[in-house]
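Asker: What would the 3D arrangement of this be:
(chains A and B)
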Amino acid sequence: MDPTTFTPVSSLIGGALIGVAAVLMMATTGRVAGVSGIVSRLLPPYQDGEAPSRTAFVAGLLLAPMLYTVGSGSAIAHTVASNLPLLALAGLLVGAGAVLGSGCTSGHGVCGIARRSPRSIASTLMFMATAFLTVFVMRHLVGA
Amino acid sequence: MRALASLIAGVVFGLGLVISGLANPAKVLNFLDVAGTWDPSLAFVMAAAVAITWLGYRLVLAQPKPAYDTTFHLPAPTAIDRRLVAGAAMFGVGWGLAGYCPGPAITALALFNPSTLVFVAAMLLGMWLGPMVAAKVPRLTAAG
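Answerer: So this is what the prediction gives:
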């Protein structure tokens, strides 16, 4: 596979911004910044009074790439697989897995670990393990 | 005010994903490929995000309530059950196949790549179907 550049500084800065966003959410709305929780609760039949605030968060995510491109003047490095059936399968697993497991990389991996929640630590260890294993199988055994 | 705060949090979160490299599936898959073209950058994202969130939550959760709500809404469950573990395992496999988890996938929609659209559509379907399928599997819904 094509290597990507090791970017410790921008990754630290980006990670810190993710943390700032999570703290801002808790300080203002009193809620965890878990993207799968926010997105899945916008789907029917779920209903409560938080839909405007969830929609606003998702709109913010969608605005970010444009603001970055305008502000920095540089393009965003982005390479994604073109195997659509594989991406569809991956999407199904990510969506169903996040809802069943009550969270994803943001809700469990960042907010939950920061709260030292045992559930989030268990979840993060598990999804990291299966993700590392999946990449090993796909790249080194299957050779896809 | 809640919606505005959520919008700002979404923008900051999305900028963090873009700047850190987490919105680039190639970088995520290389992070997960320890035996190949390993790029350790994402460990720096995670470390910074967790550190800032941990510190910020300590300050914020010491307050009696968030700015725009009457109470904090922290996830209540504490049991590490089959549903959590099975969901996390599925999530990790999907993450390892595509290199996308929910936050980066939604954010990258704004880059207009058809692959991202397919992934997100399948992810939303998975979020919608997941709980219905799980309801038919007693081993997943039973506590413990």
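
Asker: Do a quick rundown of the helices in chain B.
Answerer: B:2-20, B:25-32, B:41-60, B:82-98, B:102-108, B:114-135, B:138-141 (DSSP state H).

Asker: Report the separation between A:Ala59 and chain B.
Answerer: For A:Ala59, the distance to chain B equals 6 Å [Cβ to the nearest Cβ, to the nearest Å]. (C-beta placed from N, C-alpha, C; glycine too.)

Asker: Report the buried residues of whichever strand or helix holds A:Thr130.
Answerer: According to DSSP states H and E, A:Thr130 maps onto helix A:118-136. Counting neighbours by 16 or more other Cβ atoms under 10 Å in any protein chain shown, one finds that the buried residues in helix A:118-136 are A:119-124, A:126-128, A:130-132, A:134-136.

Asker: Are it and chain B in contact anywhere?
Answerer: Yes. Using Cβ under 8 Å from any Cβ of the partner chain, we find that helix A:118-136 touches chain B at A:118-119, A:122-124, A:126-136.

Asker: for that helix, packing partners?
Answerer: Contact here means 3 or more Cβ pairs under 8 Å, 6 or more residues apart in numbering or on different chains; DSSP states H and E; on that basis helix A:118-136 packs against helix A:113-114, helix B:25-32, helix B:82-98.

Asker: Give me the distance from it to the chain's centre.
Answerer: Helix A:118-136 has its C-alpha centroid displaced from the chain centroid by 14 Å (Cα atoms, centre = their mean, to the nearest Å).

Asker: Quick one: the strands in chain A, in order.
Answerer: In chain A, no segments count as strands under DSSP state E.

Asker: Of all the helices of chain B, which one is nearest B:His73?
Answerer: helix B:2-20 (11.9 Å; Cβ to Cβ).

Asker: Alpha carbons only: can I get the closest one in PDB?
Answerer: The C-alpha coordinates for helix B:2-20 follow below in PDB (Å, rounded to 0.1, in the frame of the first residue of the first chain):
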ATOM      1  CA  ARG B   2     -27.800  25.100  22.100                       C
ATOM      2  CA  ALA B   3     -27.900  24.800  18.300                       C
ATOM      3  CA  LEU B   4     -25.300  27.500  17.800                       C
ATOM      4  CA  ALA B   5     -23.000  25.900  20.400                       C
ATOM      5  CA  SER B   6     -23.400  22.600  18.700                       C
ATOM      6  CA  LEU B   7     -22.700  24.100  15.200                       C
ATOM      7  CA  ILE B   8     -19.500  25.600  16.500                       C
ATOM      8  CA  ALA B   9     -18.500  22.300  18.200                       C
ATOM      9  CA  GLY B  10     -19.200  20.500  14.900                       C
ATOM     10  CA  VAL B  11     -17.000  22.900  13.000                       C
ATOM     11  CA  VAL B  12     -14.200  22.600  15.500                       C
ATOM     12  CA  PHE B  13     -14.600  18.800  15.600                       C
ATOM     13  CA  GLY B  14     -14.600  18.700  11.800                       C
ATOM     14  CA  LEU B  15     -11.500  20.900  11.500                       C
ATOM     15  CA  GLY B  16      -9.800  18.600  14.000                       C
ATOM     16  CA  LEU B  17     -10.600  15.600  11.800                       C
ATOM     17  CA  VAL B  18      -9.300  17.300   8.700                       C
ATOM     18  CA  ILE B  19      -6.100  18.800  10.200                       C
ATOM     19  CA  SER B  20      -5.200  15.600  12.100                       C
END
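
Asker: Spit out the contact partners of residue 121.
Answerer: This is for chain A. By Cβ atoms under 8 Å, 6 or more residues apart in numbering or on different chains, the contact list for A:Ile121 reads A:Gly112, A:Ile113.

Asker: please go with chain B instead
Answerer: Here B:Ala121 is in contact with A:Ala88, A:Gly91 (criterion: Cβ under 8 Å, 6+ apart).
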